[in-house]
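Student: Structure for this input, please:
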Amino acid sequence: MLCLLSGLLGLVNMLLANLSGRIHEIGLRRALGATRWRLAAQVLCEAASAGLLGGVAGALLGSLLVPVLSHGWRIPPITRPLWVVAAIAVSTLTALLAGLIPARAAMRVSPAESLREL
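Tutor: As a prediction, this is how the structure comes out:
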């Protein structure tokens with residue numbers, strides 16, 4: 001649980017930093033007619049893809065490291081495909097949860113303020 005919380009906080013920080021770096025793009029999209037919900041959906045899709053890719057990378061790394069690290073043990077490691085799918089699903093859902101805060105921030109971007117800074 002602590003690992004999920006730390007991953008969630010790290011992902012929130014990454015998404016917020018990404019959002020602040022792209023504030024002009026978001027303002028331009030808003031000025032051209034993008035709705036607040038479309039911007040929020042974009043941020044949530046970015047968060048979900050980051051979580052999905054992280055989950056797949058973790059599953060691949062785990063499947064490579066488990067046989068190496070368990071070498072010499074008397075008990076063989078047990079990996080079930082359902083556990084792998086569940087781990088990837090949990091990482092994706094955690095990323096979606098982390099994306100809610102930056103999505104709300106993207107919805108509040110004022111087009112006039114963000115374009116004024118150009």
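Student: and Gly27, which of the three is it?
Tutor: Per DSSP: H, G, I helix; E, B strand; the rest coil, the local secondary structure of Gly27 is helix.
Student: quick one: it and Ala106 touch, right?
Tutor: No. Here Gly27 does not reach Ala106: they are 10.3 Å apart, not a contact under CB atoms under 8 Å. Using the backbone N, CA and C atoms, a C-beta is placed for each residue, glycine as well.
Student: Neighbour count: those two, which is higher?
Tutor: Ala106 (25 against 21; other CB atoms under 10 Å).
Student: what's that one in contact with, if anything?
Tutor: Leu19, Ile26, Arg36, Leu39, Ala40, Gln42, Val43 (CB atoms under 8 Å, 6 or more residues apart in numbering).
Student: what helix or strand does it sit in?
Tutor: Using DSSP states H and E, Ala106 sits within helix 100-107.
Student: One more: Val90?
Tutor: Using DSSP H and E, Val90 sits in helix 81-98.
Student: what angle separates that helix from helix 100-107?
Tutor: Computed with axes from the mean of the first three to the mean of the last three CA atoms, to 10 degrees, the direction of helix 81-98 lies at 40 degrees from that of helix 100-107.
Student: From the chain's centroid, how far away is helix 81-98?
Tutor: Relative to its chain's centre, helix 81-98 lies at 11 Å (CA atoms, centre = their mean, to the nearest Å).
Student: Including pLDDT, could the contacts of Ala106 go into CSV?
Tutor: Shown next, in CSV, are the contacts of Ala106 (pLDDT from 0 to 100):
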residue, pLDDT
Leu19, 83
Ile26, 86
Arg36, 89
Leu39, 89
Ala40, 91
Gln42, 90
Val43, 89
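Student: Just the buried ones from these, in PyMOL syntax?
Tutor: Restricted to buried positions by 16 or more other CB atoms under 10 Å, the PyMOL selection for the contacts of Ala106 reads:
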select buried, resi 19+26+39+40+42+43
